[in-house]
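**Q** give me a model of this one.
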Amino acid sequence: MKLVRFGVSIEEGLLKKFDRLLHKQKYNNRSEALRDMIRAALVKEEWSMEVRIAGGIAYVYDHHQRQLVNKLLDVQHSFHDIIVSSQHVHLDHDNCIEIVMVKGLAKKVSDLFYQLKAIKGIKHIDIIKSTTGKILE
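**A** As a prediction, this is how the structure comes out:
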């Protein structure tokens, strides 16, 4: 991979804030941080396009809630074509976390997320937007 050097003009105050952030996040240099920021922007852009992406959906719920597990499984089965795997973890006597790994069109992954989010009894849900890696080549 060929590296290209380029110059960046930036206000002094903004650069100082950036450097403090880099130190806090344990970056060795500005180049590493800029590469990560560019990759993150490309992944975000990829999710706005109608392409295949990868990611995860994590949610916490009380497994004692009546019919909740059946509703969750029904939704997952409706999206069997994009769900790659799921992992269920018992957090304590009442609470479980499930992590569903997905790969497919961004819109369909978002549809799955919103259908799960709408189920009564979900205590917390979040989506991890990642990539298949093609956009970063």
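**Q** show me where the chain has its strands.
**A** 52-62, 83-90, 95-105, 122-129 (DSSP state E).
**Q** what does stretch 92-103 contact?
**A** For stretch 92-103, contacts defined as CB atoms under 8 Å, 6 or more residues apart in numbering pick out 52-64, 72, 76, 79, 82-91, 109, 112, 116, 123, 132. Where you see a C-beta, it was placed from the backbone N, CA and C, and this is true even at glycine.
**Q** in it, what counts as buried?
**A** Judged by neighbour count using 16 or more other CB atoms under 10 Å, the buried positions of stretch 92-103 are 96, 98, 100, 101, 102, 103.
**Q** from residue 109, how far off is the third one?
**A** The reference is to residue 100. Per CB to CB, to the nearest Å, residue 100 is found 10 Å from residue 109.
**Q** give the residues shared as contacts by these two.
**A** Shared contacts of residue 100 and residue 109 (CB under 8 Å, 6+ apart): residue 57.
**Q** next, the buried residues of the top helix by length along the chain.
**A** Criterion DSSP state H: the longest helix present in the chain is helix 30-48. The neighbour-count check on helix 30-48 (16+ other CB under 10 Å) flags 33, 43, 46, 47 as buried.
**Q** just put the buried residues of stretch 92-103 in CSV and tack on distance to residue 26.
**A** Listed next are these as CSV, based on distance: CB to CB, whole Å:
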residue, distance to residue 26
96, 33
98, 31
100, 30
101, 27
102, 30
103, 30
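**Q** the domain parsing of this protein - what is it?
**A** Following automatic domain parsing, one finds the domains of the chain at 12-48, 52-136.
**Q** report the two of the buried residues of stretch 92-103 separated the most.
**A** Greatest spatial distance among those (CB to CB): 96 and 103, at 23.4 Å.
**Q** who's residue 105 bridged to?
**A** Beta-bridge partners for residue 105, by DSSP bridges, are residue 52.
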